[in-house]
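J.: Give the three-dimensional model of this entry:
(one chain, ligands or ions: 1)
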Amino acid sequence: MEPPKLLAAGSGGTDVDISTQRLTVGPWSTRVASLRSLATGEFSALIVVRKGVNLFLRGFDHGASVEVELWSGEPDVSDGLGVVIENYDLAGVARIPVCTCGERGCGNSGVQLAAQMPAGDVPRLVGVLRQLPDLEPLKQRQVEPRPDTWDGTFADSEPRP
Ligand SMILES: [Zn+2]
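T.: Model (predicted):
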């Protein structure tokens, strides 16, 4: 896999090709695990960043921004993943256990990497996630109080914790 090309934030929308299952953003292109057209006119795609780290994307093709969510497997049915911040830096990727109330979205809320971001940042995000180590799954007690986690924003091409 080639290293992510650096694009100016927000430049270059997505270009999806259902027939080849490829997602392209500017000069960067990747084959995705699934690529679907949604009834809303949007597309959804699942990028396998590495084993157990899947990036779900949803947006309008050629749109300037996409919605991203980080999951350990299939969206909504697997554990969500958060990028934990320690010492003002990205420490790694941690699984978020289902909340004791039974609602996955409850535990994920505010902890999972789930954001609307410039499409031009997607290659950079995939590159960062590929390099981050896996951390121990968050304990229930760590869900409340919630750990500091990254929201996927970049500043000057660097992750902004
Ligand atoms: Zn809950």
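J.: The ion contacts on this structure?
T.: Applying CB under 5 Å from the ion, we find that the chain lies next to the ion at 99, 101, 106. C-beta coordinates here come from the backbone N, C-alpha and C atoms, glycine included.
J.: Generate a ChimeraX selection restricted to the buried subset of those residues.
T.: Selection of buried members from the residues of the chain next to the ion for ChimeraX, criterion 16 or more other CB atoms under 10 Å:
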select :99
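J.: which ones among the residues of the chain next to the ion are found in strands?
T.: Within those, no residue falls in strands by DSSP state E.
J.: mind listing which of the residues of the chain next to the ion are in helices?
T.: C106 (DSSP state H).
J.: any chance of the residues of the chain next to the ion in JSON lines, with distance to P133 too?
T.: Formatted as JSON lines, the residues of the chain next to the ion follow (distance: CB to CB, whole Å):
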{"residue": "C99", "distance to P133": "25"}
{"residue": "C101", "distance to P133": "30"}
{"residue": "C106", "distance to P133": "27"}
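J.: nearest to G52, of the residues of the chain next to the ion?
T.: Ranked by distance to G52 (CB to CB), the residues of the chain next to the ion are led by C99 at 20.4 Å.
J.: so that closest one sits right up against Q112, yeah?
T.: No - at 11.7 Å, C99 and Q112 do not qualify as touching, with contact defined as CB atoms under 8 Å.
J.: Mind checking the pLDDT average for stretch 27-44?
T.: Stretch 27-44 carries an average pLDDT of 93.
J.: what does it rub up against?
T.: 1, 4-5, 7, 14, 16-18, 20-24, 45-48, 54, 56-61, 122-123, 126 (CB atoms under 8 Å, 6 or more residues apart in numbering).
J.: In contact with S109, which residues are there?
T.: Contacts of S109 by CB under 8 Å, 6+ apart: none found.
J.: Phi first, then psi, for it.
T.: phi -60, psi 120 (degrees, to the nearest 10).
J.: So, low pLDDT: which residues of the protein?
T.: Applying pLDDT under 70 to the chain picks out residues 1-12, 141-144.
J.: What are the boundaries of the helices in the chain?
T.: Counting by DSSP H, the helices of the chain are 104-108, 122-131, 140-143.
J.: What are the buried residues along the second one?
T.: When neighbours are counted by 16+ other CB under 10 Å, the buried residues of helix 122-131 are found to be 122-129.
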